[in-house]
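In: Structural data only, the sequence is not supplied:
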């Protein structure tokens with residue numbers, strides 16, 4: 001699988017999302033994903049499944065050095081002491097000494113950006129905490145970076161969330177996107193839209209979702225992290241790596257509605 005190389009870390013372009021997975025279902029899904037070859041796992045404090053993911057990692061035979069683990073601090077815990085407590089709690093649940101990427105999941109109106117940046121920068125490699133951190137905000141948030149906030153010059157976007165349309169990954173200037181952070185979950189949009197995206201591929205016997213996923217994977221500096229709890233879906237997503245898109249496919253995707261956000 002192709003990896004994105006940036007700032008000393010290597011991020012597999014296709015990851016396993018775990019949003020809305022809980023307990024034994026989540027653990028079984030992660031164990032299945034690891035067995036199938038996934039090496040990029042995405043979770044969050046807010047998902048409530050870090051403990052299940054930690055158990056799956058511990059039970060697997062995959063070496064820690066071969067895994068990329070991302071987790072996120074929720075916006076209720078953006079005060080300095082709360083960030084540190086949340087990070088420690090996530091590491092304990094995941095049964096890890098470090099995560100590879102630590103994201104601020106969502107902004108809060110009351111957040112103190114300078115204090116937040118300073119705290120995150122003190123969660124250094126070599127000790128408990130993340131190897132790297134990012135702030136996962138929308139486009140407007142990182143357009144304003146570097147305007148006096150301490151550490152803002154090191155801010156990079158963590159997730160592109162501007163439109164649901166297929167231009168979401170291409171409208172932001174490339175110079176503003178850090179390769180490790182262009183994370184795009186595959187939305188569960190209306191079936192008719194997925195059919196439109198895949199209609200040119202019916203003869204090739206690949207699924208509509210694979211076409212959409214392959215389009216994401218073909219974008220520069222973007223890692224896709226679709227949720228998949230069933231082994232069949234995990235295999236199908238891996239199969240997207242082998243899909244070849246032609247100009248007709250790309251034109252069909254470019255014509256999809258751009259005024260909806262599908263989650």
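Out: Arrived safely, thanks for sending. Note that this is a predicted model, so its numbers are computed, not measured. Numbers count the residues shown, from 1 in each chain.

In: What's the local residue count around the spatially closest residue to residue 83 that is not a sequence neighbour?
Out: Excluding the flanking residues, the one nearest residue 83 by Cβ to Cβ, 6 or more residues apart in numbering is residue 119, at 4.9 Å. Yep, even glycine has a C-beta here, placed from its N, CA and C like the rest. Using other Cβ atoms under 10 Å, residue 119 is surrounded by 21 other residues.

In: Partner strands of the strand of greatest length in the chain and their direction?
Out: With secondary structure taken from DSSP state E, the chain has its longest strand at strand 68-73. Here strand 68-73 is paired, per DSSP bridges, with strand 40-42 (parallel), strand 101-104 (parallel).

In: In three-state terms, how would residue 257 be classified?
Out: coil (DSSP: H, G, I helix; E, B strand; the rest coil).

In: where does it land on pLDDT?
Out: In this prediction, residue 257 carries a pLDDT score of 78.

In: Please report the distance of it from residue 248.
Out: Shown here: residue 257 relative to residue 248, a distance of 19 Å by Cβ to Cβ, to the nearest Å.

In: So between the two, which is more surrounded?
Out: residue 257 (14 against 11).

In: Next one: the more buried one from residue 216, what distance?
Out: Residue 257 sits 17 Å away from residue 216, taking Cβ to Cβ as the criterion.

In: quick one: contacts of the longest strand of the chain?
Out: Residues from elsewhere that reach strand 68-73 (Cβ atoms under 8 Å, 6 or more residues apart in numbering): 9-12, 15, 39-46, 50, 57, 83, 86-87, 90, 94, 96, 99-105, 136, 183.

In: Averaged pLDDT, that strand. What do you get?
Out: 95.

In: Likewise for stretch 95-102?
Out: What stretch 95-102 shows for mean pLDDT is 92.

In: how far does it stretch from start to finish?
Out: 15 Å (Cα to Cα, to the nearest Å).

In: Could you pull out the helices in the chain for me?
Out: Remark: helices assigned in the chain by DSSP state H are 23-36, 50-59, 80-94, 113-122, 139-143, 191-198, 208-217, 231-239, 247-254.

In: in the first one, what's buried?
Out: Within helix 23-36, the residues that qualify as buried are 26, 27, 28, 29, 30, 31, 32, 33, 34, counting by 16 or more other Cβ atoms under 10 Å.

In: quick one: the fourth one and residue 18 touch, right?
Out: I take that to be residue 29. Yes. Counting by Cβ atoms under 8 Å, residue 29 does reach residue 18; the two are 7.1 Å apart.

In: Out of the strands paired with strand 68-73, which gets nearest to residue 210?
Out: Closest to residue 210 of those is strand 40-42 (Cβ to Cβ; 17.8 Å).

In: Point out the most buried one among the helices of the chain.
Out: Per residue and on average, the most neighbours among those fall to helix 208-217, with a mean of 22 (mean count of other Cβ atoms under 10 Å).

In: What is that helix packed up against?
Out: helix 191-198, strand 223-224, helix 231-239, helix 247-254 (3 or more Cβ pairs under 8 Å, 6 or more residues apart in numbering; DSSP states H and E).

In: got TSV for the strands paired with strand 68-73, with mean neighbour count and distance to residue 223 too?
Out: Listed next are the strands paired with strand 68-73 as TSV, based on neighbours: other Cβ atoms under 10 Å; distance: least, Cβ to Cβ, whole Å:
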stretch	mean neighbour count	distance to residue 223
strand 40-42	25	7
strand 101-104	24	10
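
In: Apart from its chain neighbours, what residue comes closest to residue 234?
Out: Nearest residue to residue 234 in three dimensions, chain neighbours excluded: residue 228, at 4.5 Å (Cβ to Cβ, 6+ apart).

In: In this structure that neighbour contacts residue 238, no?
Out: No. Counting by Cβ under 8 Å, residue 238 is not a contact partner of residue 228; they are 9.3 Å apart.
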